[in-house]
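**Q** Provided below are the primary sequence and the corresponding predicted coordinates.
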Amino acid sequence: MDIERSTSQNNTAKAWLRNDMYALFERAMLDCGITEDLREQFDRGDGVMALVHPSDLVPKTRLLDTFVPRLNELLEAHNAEQEHSFRLRVAIHSGDVVFDERGTFGEDIDVTIRLLDHLDLKARLDATAAPMVLVVSEHFHRSVIRHGYVGIDAASFEPSIELEVAGQGYLGWVHVPGEVRGDLAS
């Protein structure tokens, strides 16, 4: 996930934003049962990358039926109460990650980061009053969302981001928690 327009902030404001973002992220993770031993996380300056370990304790559906709604709820409450409000872009993808002594890499990391940083996702956040937007990869959509699991509204995801990584085309499905599809804020 990434904080909207954080590069336009001074360092003091960035410190507040980072602190609050991490507090909300950690609370949402713990509230849905994704404890520190079930994930790796990496700082991205104005965001965080979390790698959730494949586990029967954390089915992929939990990211959408519990984590995303909880993060959105916490962010809405934070923004209503705090002077330092912010909004987030969130990306979810599943795949293989390669580790070495310097950290993580691999095509699936590239896909996730490109989805998160895509100009169309930034524009979608600009077009709504919602506190966050979510993009999931086509792979994640196909393996989780389209199956109609309880708590996941497949109709609220719109295929609206196209990108290419390593010569392969990828599609991103965008969802705005709490927004009815087709209803954009003016």
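**A** That came through fine. Please read all numbers here as calculations on a predicted model, not as lab measurements.

**Q** now the top helix by length along the chain, how far from the chain's geometric center?
**A** Across the chain, the longest stretch assigned as helix under DSSP state H is helix 11-31. Offset of helix 11-31 from its chain centre (Cα atoms, centre = their mean, to the nearest Å): 14 Å.

**Q** Go through that helix and flag the buried ones.
**A** 14, 17, 18, 20, 21, 24, 25, 28, 29 (16 or more other Cβ atoms under 10 Å). C-beta: built from backbone N, CA, C; applies to glycine.

**Q** can you check stretch 68-80 too?
**A** 68, 70, 71, 72, 73, 74, 75, 76, 78.

**Q** three-state assignment of the spatially most central residue of the chain?
**A** The residue lying closest to the centre of the chain (Cα atoms, centre = their mean) is residue 90, at 1.9 Å. Per DSSP: H, G, I helix; E, B strand; the rest coil, the local secondary structure of residue 90 is strand.

**Q** now swap in residue 169 and tell me
**A** strand.

**Q** Can you give me the distance of it to residue 109?
**A** Computed as Cβ to Cβ, to the nearest Å, the residue 169 to residue 109 distance reads 18 Å.

**Q** Just want the phi and psi numbers for the residue of the chain positioned farthest from its centre.
**A** What lies farthest from the middle of the chain is residue 101; by Cα atoms, centre = their mean that is 25.8 Å. Main-chain dihedrals, residue 101, degrees, to the nearest 10: phi -70, psi -10.

**Q** any idea of the pLDDT on it?
**A** pLDDT, residue 101: 90.

**Q** now swap in the one 10 residues further on and tell me
**A** What the model reports as pLDDT for residue 111 is 95.

**Q** cool, the one 3 residues further on as well?
**A** The confidence metric pLDDT takes the value 95 at residue 114.

**Q** can you check residue 183 too?
**A** At residue 183, the model reports a pLDDT of 51.

**Q** same check, this time on residue 144
**A** As predicted, residue 144 sits at a pLDDT of 95.

**Q** hang on, isn't it packed against residue 68?
**A** No - taking contacts as Cβ atoms under 8 Å, residue 144 lies outside contact range of residue 68: 11.8 Å.

**Q** what about this protein, any weak spots by pLDDT?
**A** Low-confidence segments of the chain (pLDDT under 70): 180-186.

**Q** if you set the cut-off to 50 instead, what comes out?
**A** For the chain, the stretches flagged by pLDDT under 50 are 185-186.

**Q** Run through the helices of it in chain order.
**A** 11-31, 61-62, 68-81, 107-116, 119-126, 138-143.

**Q** Dump those to TSV, plus distance to residue 2.
**A** Formatted as TSV, the helices of the chain follow (distance: least, Cβ to Cβ, whole Å):
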stretch	distance to residue 2
helix 11-31	9
helix 61-62	21
helix 68-81	13
helix 107-116	6
helix 119-126	9
helix 138-143	18
